[in-house]
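A.B. asks: Got a predicted structure plus its sequence, pasted below:
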Amino acid sequence: MTGNEFAGRVRSDPDEPTPPDAASAFLGDEAGNAAYEDAIDRAREHLVESFATATDPYEGTDHETLRERIDDLAVFPDEGDSLESVLETVADEVLGDSVRVHDPGCIAHLHCPPAIPALAAELLLSGTNQSMDSFDQAPAASVLEERVVDACCALFGYPAGADGVFTGGGTASNFLGLLLARDWYCETEFDRTVQTDGLPPEASDLRVLCSDAAHFTAEQAAHHLGLGEDAVVTVPTDSDRRIDLVALDETLERLEADGRHPFALIGTAGTTDFGSIDPLRALADRAADQGLWFHVDAAYGGACAISDRLRSKLTGIDCADSIAVDFHKLFYQPISCGAFLLRDGDKYRFLERNAAYLNPERDDAAGVPNLVSKSTQTTRRFDALKPFVTFNALGRAGVADCVEYVCELADAVADEIRAEPALELCCEPELSAVVFRYRSDRLTRASEAGGRDAGDEPATPPVDRVNRAIRDELLADGEVVLARTEVDGTAALKFTLLNPKTTVSNLREALDSIVDRGEALEREVIDSA
Ligand SMILES: *Cc1c(COP(=O)(O)O)cnc(C)c1O
């Protein structure tokens, strides 16, 4: 049915509702197509202009100024304005004060510059607005997502019968992994169907194990699953920030002696701070021995799977019961784009749900792909299109070259840091994250001396104050968008390298700025003490 068919009809009832003026803002006829092209062209021009005129990764505007300015903008004005003028406002007030993820100085987070093919795909998936919960809202999209998920399962060495789903990211994928793990364990161990009957009486003894460098979403998921954050037992890491297997064995023995029920072991393939990768094969063996669900959080490091050179870092991942992979990190996809992979697709039975209005049981019998039953989301974006377009445009080897390059860049920048006496490398890079701090003998002495602040509390050590201020100043000047973290209780700085256009000389410049600021701040901090 098209708009034109309506237009040709003779109206018989003068009281019949007629489309409002604002219907011109919708596709569906020639005028709509033209309005769409005009709108997208304008948006695209603003974007390209903002990329072309920017010189730094950020303008440096602070949050108070942004609040004041943005508070002045109307959100629900009674009358609209031309799209042209609205987009101009957005360009002035929002685009200009966005962090520029394409800038070589934007190196704080696992926050990638999106690949251009994926941006084209993003336009297609939002324009068609397919919803992945049921086949009748996303016919080809549902089948293509299944195809992409199958290819991902094969990439990680999963056998036939594996399954999965696209998610909003690692948070959602880790949650889904622990949800299935909990329900599987309660069925196997306590003959309890959590979906209908809720948690068993033993729930307060359920435990999840992961390293102390694992992502906070393990704890968050335990909370959301009704187990409480204290159900997560963290195991110390070694000097390379990988889970310590001896400590893991001790922890498992202790839990058993205490009558606890560990049900899941999380291995991290690429910790957020260090990029460190747990010994996955050894963890898989422990999990098999102890009857634990083995979940691998490969949100960051999963990208190694596409590289012939880096793949061996993930050895053992094929033994995981479930895997979280983020495409919006080291796979260069615009947010959001993640996947959850499940080694034995039959375990999706723990999520089974049929609604007469969405995915009736007779569809299941006929093999209709209503993907709602694989997800904790209902309405869901067709994000699988983005890696499909990107990989077909650049080739697996093309994307792998980018991943390998940023890992090499991390090694090169680590060499620069080791050669600079005013900097201290906190850990050898494993992927593309480099953690370090500004240091000097004087600062170390001043920090060891301790001291009390005005309220007689232990004062923040000068080394922490200097390193935090380096990051804050560089952000406020918009020069480098740098990450902050803590290593063994002391402030540290971090580069997370994802941009395949960044060069060693860009990073050398950033290190020079850090050292310059560090020297100036050290004088200020120590002299004021
Ligand atoms: C980023 C990250 C997450 C969270 O993923 P989101 O995509 O931000 O939801 C989980 N685990 C690790 C290791 C991560 O780096």
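C.D. replies: Looks like it arrived, so ask away.

A.B. asks: burial count for the nearest residue to residue 326 once chain neighbours are set aside?
C.D. replies: Among residues not flanking residue 326 along the chain, residue 299 sits closest, at 4.1 Å (C-beta to C-beta, 6 or more residues apart in numbering). No exception for glycine: its C-beta is placed from N, CA and C like everyone else's. By other C-beta atoms under 10 Å, 29 other residues sit near residue 299.

A.B. asks: Ok, the one 4 residues further on next?
C.D. replies: A count of nearby residues for residue 303, using other C-beta under 10 Å, gives 30.

A.B. asks: sorry, back to before: residues touching the residue nearest to residue 326, list them.
C.D. replies: 110, 169-170, 173-174, 215, 270, 272, 324-326, 329, 338 (C-beta atoms under 8 Å, 6 or more residues apart in numbering).

A.B. asks: Please identify which of those residues is nearest to residue 508.
C.D. replies: Of all those, residue 110 has the smallest distance to residue 508: 22.5 Å, by C-beta to C-beta.

A.B. asks: Distance check, the closest residue to that closest one other than its chain neighbours against the ligand.
C.D. replies: Nearest non-adjacent residue to residue 110, counting by C-beta to C-beta, 6+ apart: residue 329, 4.3 Å away. Applying C-beta to the nearest ligand atom, to the nearest Å, the value for residue 329 to the ligand is 6 Å.

A.B. asks: Hmm, residue 112 and residue 329 touching each other?
C.D. replies: Yes: here residue 329 reaches residue 112: they are 6.0 Å apart, a contact under C-beta atoms under 8 Å.

A.B. asks: joint contacts of those two?
C.D. replies: By C-beta under 8 Å, 6+ apart, the residues touching both residue 329 and residue 112 are residue 498.

A.B. asks: distance between the ends of stretch 160-178?
C.D. replies: 22 Å (C-alpha to C-alpha, to the nearest Å).

A.B. asks: ok, residue 270 to the ligand distance?
C.D. replies: Distance from residue 270 to the ligand, by C-beta to the nearest ligand atom: 6 Å.

A.B. asks: residues touching that residue, list them.
C.D. replies: Under the criterion of C-beta under 8 Å, 6+ apart, the neighbours of residue 270 are 276-277, 298-302, 304, 330, 430-431.

A.B. asks: Mind checking which of those are in helices?
C.D. replies: Cross-referencing the contacts of residue 270 against helices under DSSP state H gives no overlap.

A.B. asks: Filter those down to the buried ones.
C.D. replies: 276-277, 298-302, 304, 330, 430-431 (16 or more other C-beta atoms under 10 Å).

A.B. asks: Contact residues of the chain facing the ligand?
C.D. replies: 110, 169-171, 174, 215, 217, 268, 270, 272, 297, 299-300, 326, 338 (C-beta under 6 Å from any ligand atom).

A.B. asks: From those residues, which land in helices?
C.D. replies: 170-171, 174, 217.

A.B. asks: so can I have a markdown table of those showing pLDDT?
C.D. replies: Output for those, formatted as a markdown table (pLDDT from 0 to 100):
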| residue | pLDDT |
| --- | --- |
| 170 | 98 |
| 171 | 98 |
| 174 | 98 |
| 217 | 98 |
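
A.B. asks: can you tell me which residues contact residue 90?
C.D. replies: residue 46.

A.B. asks: Let's verify it: helix, strand, or coil?
C.D. replies: helix (DSSP: H, G, I helix; E, B strand; the rest coil).

A.B. asks: what pLDDT does it get?
C.D. replies: Looking at residue 90, its pLDDT is 97.

A.B. asks: Would you quantify the distance from it to residue 42?
C.D. replies: Distance check for residue 90 against residue 42: by C-beta to C-beta, to the nearest Å, it reads 10 Å.

A.B. asks: What residue in the stretch 301-450 of the chain comes nearest to the ligand?
C.D. replies: Among the residues of the stretch 301-450 of the chain, residue 326 lies closest to the ligand, at 4.7 Å counting by C-beta to the nearest ligand atom.

A.B. asks: which residues pair with that residue across the strands?
C.D. replies: Beta-bridge pairing of residue 326 under DSSP bridges involves residue 338.

A.B. asks: That one and residue 170, how far apart?
C.D. replies: Going from residue 326 to residue 170 by C-beta to C-beta gives 5 Å.

A.B. asks: Show me whatever sits in contact with both of those two.
C.D. replies: With C-beta under 8 Å, 6+ apart, residue 326 and residue 170 have common neighbours 299, 338.

A.B. asks: out of the two, which sits in the busier spot?
C.D. replies: A direct count of neighbours by other C-beta under 10 Å for residue 326 and residue 170 places residue 326 higher, at 29 against 25.

A.B. asks: The more buried one is in contact with residue 171, isn't it?
C.D. replies: No: using C-beta under 8 Å, residue 326 makes no contact with residue 171, being 9.5 Å away.

A.B. asks: Show me where the stretch 351-500 of the chain dips below the pLDDT cut-off.
C.D. replies: Residues of the stretch 351-500 of the chain meeting the criterion pLDDT under 70: none.

A.B. asks: Could I get the full set of strands for it?
C.D. replies: Using DSSP state E, counting those that start in this stretch, the strands of the stretch 351-500 of the chain run over 423-425, 433-438, 483-487, 490-496.

A.B. asks: Pull the residues that contact the helix or strand just after the last one.
C.D. replies: Read that as strand 490-496. Following strand 490-496 in sequence order, the next helix or strand is helix 504-528 (DSSP states H and E). By C-beta under 8 Å, 6+ apart, the residues outside helix 504-528 that reach it are 104-105, 107, 409, 412-413, 416-417, 420, 422-423, 438, 440, 442-443, 446, 462, 465-467, 469-470, 473-474, 479-480, 482, 493, 495, 497.

A.B. asks: Please apply the same query to stretch 96-106.
C.D. replies: Residues contacting stretch 96-106 (C-beta under 8 Å, 6+ apart): 50-51, 54, 56-59, 61, 66, 111-114, 479-481, 499, 501-503, 506-507, 510.

A.B. asks: let's go with 6 Å and repeat that
C.D. replies: Residues from elsewhere that reach stretch 96-106 (C-beta atoms under 6 Å, 6 or more residues apart in numbering): 54, 57-59, 61, 113, 480-481, 499, 502, 506.

A.B. asks: Determine how far the last residue of that stretch lies from the first.
C.D. replies: 15 Å.

A.B. asks: What mean pLDDT does it get?
C.D. replies: 96.

A.B. asks: In that stretch, which residues are buried?
C.D. replies: Buried residues in stretch 96-106 (16+ other C-beta under 10 Å): 97, 99-101, 103-106.

A.B. asks: Equivalent analysis for stretch 184-202, please.
C.D. replies: Within stretch 184-202, judged by 16+ other C-beta under 10 Å, the buried ones are 184-187, 190, 192, 194, 199-200.

A.B. asks: I'd like to know which of those residues are part of helices.
C.D. replies: Using DSSP H, these in helices are 184-187, 190, 194.

A.B. asks: Could you measure from residue 174 over to residue 271?
C.D. replies: Residue 174 is 13 Å from residue 271, by C-beta to C-beta.
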